[in-house]
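*Asks:* quick check, what structure comes out for this input:
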Amino acid sequence: MPMPWSPPCLFADAVRHRISSQVIDGFEEWWQMPALVVALAVLAAFAAWMVRRDTAGLPRAAALLLVCLRLATLAALVTAFLDVERVAEHEIMTPSRVALLVDSSASMSLPDTAATPTATRARRALDLLDEGLLDALAPRHEASLWRFDADAEPLACLPAGREGDVAAARAAPGAWREALAPRGYETRLGEALMRVLDHEPAGTLAAIVVLSDGGSNAGVDPLAAATALAQAGVAVHPLGIGADTLPANVRVADLVVPARVFPGDRFPATAYLQAQGLEGARVRVELSERAADAAAPGRVIDTQECLVPADGELVPLRFDVPGLAKGGSRVVAVRVQPPAADTVAEDDVRTADVEVVDRVTQVLLMSGGPGREYQFLRNVLERDASFAVDVLLGTAAPGVSQDARKILDAFPASDEALAAYDAVVAIDYDWRTLDAAGQARLERWVSRESGGMILYAGQVFMDAWLEDDRSRTIRGLFPVDFRGQGQGGASAAGGTAPRPLSFSRDGAEAEFLWLASSAATSADVWREFPGVYSCFPNDGPKPGATVYARLGADPTGGPVYLAGQFYGSGSILYAGSAELWRLRSIDPSAHERLSAQLVRHVAQGRLLRGARQARLLVERDRFPVGATVVVRVVTADDGQAAPRPPLCRAVAPDGTRLAVTLTPEPARPDTFQGGFVASREGGWQIDVDALGSGEKLSRRIQVQLPDRELARPKLDRGLLTQLAAATGGRSRFLADSGWSEAAAQELAAAIPDRSRRDYEIGTPDAAFKQTLNGALLAAACGLLCLEWVIRRLVRLA
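*Replies:* Okay, here's the model as predicted:
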C-alpha cells in the first residue's frame, strides 16, 4: 500500500521584529515617497518659520526652544499619521531535496549478477539505501523516496539533518520498503522522471538519483525527459544495478495452456523459450503430463528440437496435445534439455495446471429485453459446445422462440433447480419480478454454492428496482455502491461520443479481460476500441472489490465500469452498461473471446470446487511477479463460524514455505481471507488444511515476468550513461566498482545544497501599536502644554 507523501520540511530558525509604516508600505508609485519627504520638509519649514516669526522679539535661546517644541509636536503627529506598527518575521528554512527513484518493475526480481544468482536487483537497491546512501544525504538534503514501473508514486520523505528522525524513518520497514517490491509489468523511466520534476518543490530539488537496471521499455523517451531536467538545472545520477552480460542459460519463460478442457479434446500448449549466451545451440524440448497429486515425472506426450534464440528473444514453441482421457486436475510440464554450457538448472522446467472437466458449463442468461448485448452473448454461448444456455427474457411473451436449450417463464423456483447452473448472466434485468424468497435463493447460491454472476447495468429497469427497498438483497450482490436512488435516466445514458475504458493494474493483469494471448497485445487491442457511450452512475467500489476499468481517460478518477468481487464462495463481475458488444467494431472474435472468458471466469468456482466442507478460492491462475495473491477460504455451507482459522501455506518455486495468515471477514464468519506477495517467477502451490473434515485443499498458480520485462533483462549501460551526461550528473555501475560508504559520500558531495531561507511575516503586534499611539498622544499633548507654559513665562501668549 503506498505511503502518504510528505511535503517539504520547514524549520523556523529565528524570529526578528520589524518596525514599518502602513502608509509607506502602501506606496505603489516611485514618486510617492519623494513627494512625502518634500511635503514633510515643507511642513516643518513652515512651522519653524511661523514660530520664529512669533518669537522675533525674544532671546535667541527661548525662540530656538519654542521652535524645537513645535517641531517635536509635529513629529509625533506625523508618526501617528504614518500608522507605524511592529511585525514579527519568522525565518523559514526549506531544506534541499534529493529524489531517490527506485525501479520496482518485474525485471528487478532477476539476479543482480551472475556471481550472486540468489540476490535480486531489488534487494541490491535496498542495500544501497542502507549502505550509506541515506546517511550520506541526510546532513544537507531531504530524501524523497519514489518507486516507478508502469507509473511513478511517491512513498516517503526522510527528513534532513535530524539523526533521530532519519533513524526512526529507516527503522520502520513497513513504511516504504514493501512498496519497493518488484511488480510492474513495464518500465516507464522517462515518465517517472517527468513526474518527479513536476511533483517535487521547484527550486529546492537538487538532484534525482535513479536506482535501476535502465530497462526502459514504454512511455516517454528518458532522453526527452533529460532535456527538461537539464533546463531546470536538476542533475540525474544513475546507479546501474545488474550485469551487462547474463550467465549462459536457456529457460522456459512461460507455458500457456487452457485452464479447462474436455476429456479427449485436442488443445494447444505453447511454451516460450528465452536464452542468454547460447544463440544457435540446438536443444530438445519435451512435453509431459501427470496427475496433480502424483510425484512421478509423468508420461511424455511430445518432443521437439529447436535452435536457441538470440539473447533476450522470446520464441514460442507450440505443442498439439491429442487430449487427456482422465478427468480431474492434471499437470502439464515442459522441460528443456539444456546444452552443457547452461549454468542455471532451476528454470529448465515450467508447469501448468489443466482441469479436465467432463461436463459443460451451465449458464442462465437473464435479460430485461432483447438488446444487442443479450443477442450477441446468447449467440456466442449457444455456438460454443462447452456451454449450455437457458434463457429468461423479461419481456418475452409465452411461447416465444429463442436460440437456447430452454426458455424459462420464471426464475428457478427451488434451490435444486438453481443449483443446476454454474453461472447467471443478468443484463439490465428487472429484479422487482423476483420475490424475497427468490432473491434469498440467489444469494445463497452465490455465497454457499460458489455460483458466479455477471451483472450488466442498464438504462431501462435499473433505476426503478434500485428505488424499491424489496431489492436490497440484489443490491448487496453488486461490487459497487448505489447509495443514491433514482440515479439513472439521462445521466446514465452518457454522451453522444464514445469514451474509452482505462484499465487499472488489476485490469491489465486479469487474463479473463485479455483480447489476445499476451497482456501487451491485449492492451494494444483495447486501445483501438473507441469505447462505450454510457456507464450507470455509482459511488465507487465496495470494500474488498477489485476495480478493473473505469470510464474515461483517467484510470483512477472516472466512474467504475468493470469491477469484481468474491461474495462468500462465489464470484461476481459487474459492467457499467451492456455495451461490450461494441468490441465487434474492431473484430467480432474479440467480443466472442471476451464473452466466453467472462463466463468461464465467474463459473470456475462451481467447476473447480472441492469438498463441501471447505473451498479454496483464488482470483485467477496466473499472476505477474510481485503481485499480491489474495486467498479466500470458505469453511462451511451453513454460514456458521469456524472454531479457528484454517492453516494456509504458499510454497514458492524453490520450495520455500510461506505461512499465510487468514483472518475472518466481519460480515461472514465462515469466510477467511489472507494474501502473500508472489516474489519469484515460477509455479506456486497454495495448501490449506481444512478444518473438521481433515481434507487438504490445494491450488497451483503460475507467476511469470511480463513480456516486456523479459525481452531486455540486461543492464542498459548506454541509456543510463546518456541520461547522466545530458543532465550534468554522473553514472555509476555497481558491476564495475561495487558500493561503499565512501562512494555514497562522494555522490552526496557532488549534489549541490539548494536549501532556501525565506521570511514569513506574522500578524501586527496590537499591544505595541496601542502603546505607541498612547505614547504619541501623550507626547504631543505634553509638548503643546510645555510650549504654552513657556509662552506664558516669556509673556508671548
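*Asks:* report the central residue of this structure.
*Replies:* By C-alpha atoms, centre = their mean, the chain has its centre lying nearest to Arg505, at 7.1 Å.
*Asks:* give me the nearest residue to that one, chain neighbours excluded.
*Replies:* Nearest residue to Arg505, sequence neighbours excluded (C-beta to C-beta, 6 or more residues apart in numbering): Ala150, at 7.0 Å. Placement of C-beta: from N, CA and C, glycine included.
*Asks:* next one, pLDDT for that neighbour please.
*Replies:* On pLDDT, Ala150 comes in at 75.
*Asks:* residue contacts, it?
*Replies:* 105, 184-188, 218, 505 (C-beta atoms under 8 Å, 6 or more residues apart in numbering).
*Asks:* again with Leu100
*Replies:* Going by C-beta under 8 Å, 6+ apart, Leu100 touches 129, 133, 143-146, 209, 211.
*Asks:* ok, now with 10 Å
*Replies:* With contacts defined as C-beta atoms under 10 Å, 6 or more residues apart in numbering, Leu100 is in contact with 125, 128-129, 133-134, 137, 143-147, 155-156, 158, 196, 207-211, 239.
*Asks:* and Arg378, how many residues sit next to it?
*Replies:* A count of nearby residues for Arg378, using other C-beta atoms under 10 Å, gives 23.
*Asks:* so which strand or helix has it?
*Replies:* Secondary structure assigned from DSSP states H and E places Arg378 in helix 372-383.
*Asks:* and that helix, what does it pack onto?
*Replies:* Packing partners of helix 372-383 (3 or more C-beta pairs under 10 Å, 6 or more residues apart in numbering; DSSP states H and E): strand 361-367, strand 387-393, strand 423-427, strand 452-456, helix 588-607.
*Asks:* looking at the contacts of Leu100, which are in strands?
*Replies:* Counting by DSSP state E, those place 143-147, 155-156, 158, 207-211, 239 in strands.
*Asks:* need these in CSV (columns: neighbour count and distance to Ala516).
*Replies:* Formatted as CSV, the ones in strands among the contacts of Leu100 follow (neighbours: other C-beta atoms under 10 Å; distance: C-beta to C-beta, whole Å):
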residue, neighbour count, distance to Ala516
Ala143, 24, 42
Ser144, 24, 38
Leu145, 25, 36
Trp146, 27, 32
Arg147, 24, 28
Leu155, 22, 33
Ala156, 21, 38
Leu158, 26, 43
Ala207, 27, 41
Ile208, 26, 36
Val209, 24, 38
Val210, 28, 32
Leu211, 26, 33
Leu239, 22, 36
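*Asks:* from those, which two are the most distant?
*Replies:* For those, the farthest-apart pair by C-beta to C-beta is Ala156 and Leu239; their separation is 18.8 Å.
*Asks:* Three-state assignment for the residue nearest to Arg505, please.
*Replies:* Look at Ala150: counting by DSSP: H, G, I helix; E, B strand; the rest coil, its state is coil.
*Asks:* quick one, phi psi at it?
*Replies:* phi -70, psi -20 (degrees, to the nearest 10).
*Asks:* any idea which element the residue lying closest to Glu305 once chain neighbours are set aside lies in?
*Replies:* Using C-beta to C-beta, 6+ apart and skipping the chain neighbours, the partner closest in space to Glu305 is Arg284 (5.4 Å). Assigned by DSSP H and E, Arg284 falls within strand 282-291.
*Asks:* how far is the helix or strand that that strand is followed by from where the chain is centred?
*Replies:* Moving toward the C-terminus from strand 282-291, the next helix or strand (DSSP H and E) is strand 299-307. Averaging C-alpha positions (C-alpha atoms, centre = their mean, to the nearest Å) puts strand 299-307 41 Å from its chain's average.
*Asks:* name every strand pairing with strand 299-307 and say which way it goes.
*Replies:* Using DSSP bridges, the strands paired with strand 299-307 are strand 282-291 (antiparallel).
*Asks:* what segments of the stretch 101-250 of the chain are strands?
*Replies:* 111-113, 116-120, 141-148, 152-158, 205-212, 235-240, 249-256 (DSSP state E, counting those that start in this stretch).
*Asks:* helices or strands next to the longest helix seen in the chain in the packing?
*Replies:* Criterion DSSP state H: the longest helix present in the chain is helix 766-793. Where contact means 3+ C-beta pairs under 10 Å, 6+ apart, helix 766-793 is packed against strand 11-21, helix 60-81, strand 84-94.
*Asks:* which parts of the stretch 601-750 of the chain are strands?
*Replies:* Using DSSP E, counting those that start in this stretch, strands in the stretch 601-750 of the chain cover 615-618, 622-624, 628-634, 647-651, 657-660, 663-665, 668-677, 682-689, 696-704, 732-733.
*Asks:* for those strands, give me CSV that also has mean neighbour count, mean pLDDT and distance to Pro588.
*Replies:* Shown next, in CSV, are the strands of the stretch 601-750 of the chain (neighbours: other C-beta atoms under 10 Å; pLDDT from 0 to 100; distance: least, C-beta to C-beta, whole Å):
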stretch, mean neighbour count, mean pLDDT, distance to Pro588
strand 615-618, 22, 81, 32
strand 622-624, 20, 79, 26
strand 628-634, 21, 85, 34
strand 647-651, 18, 89, 40
strand 657-660, 14, 88, 42
strand 663-665, 14, 83, 41
strand 668-677, 19, 82, 38
strand 682-689, 19, 84, 35
strand 696-704, 20, 80, 30
strand 732-733, 19, 86, 51
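*Asks:* nearest to Ala590, out of those?
*Replies:* strand 622-624 (20.2 Å).
*Asks:* just give me how far the closest one sits from the chain centre.
*Replies:* Worked out by C-alpha atoms, centre = their mean, strand 622-624 lies 17 Å from the chain centre.
*Asks:* and it, which strands flank it?
*Replies:* In the sheet, strand 622-624 lines up with strand 696-704 (parallel) (DSSP bridges).
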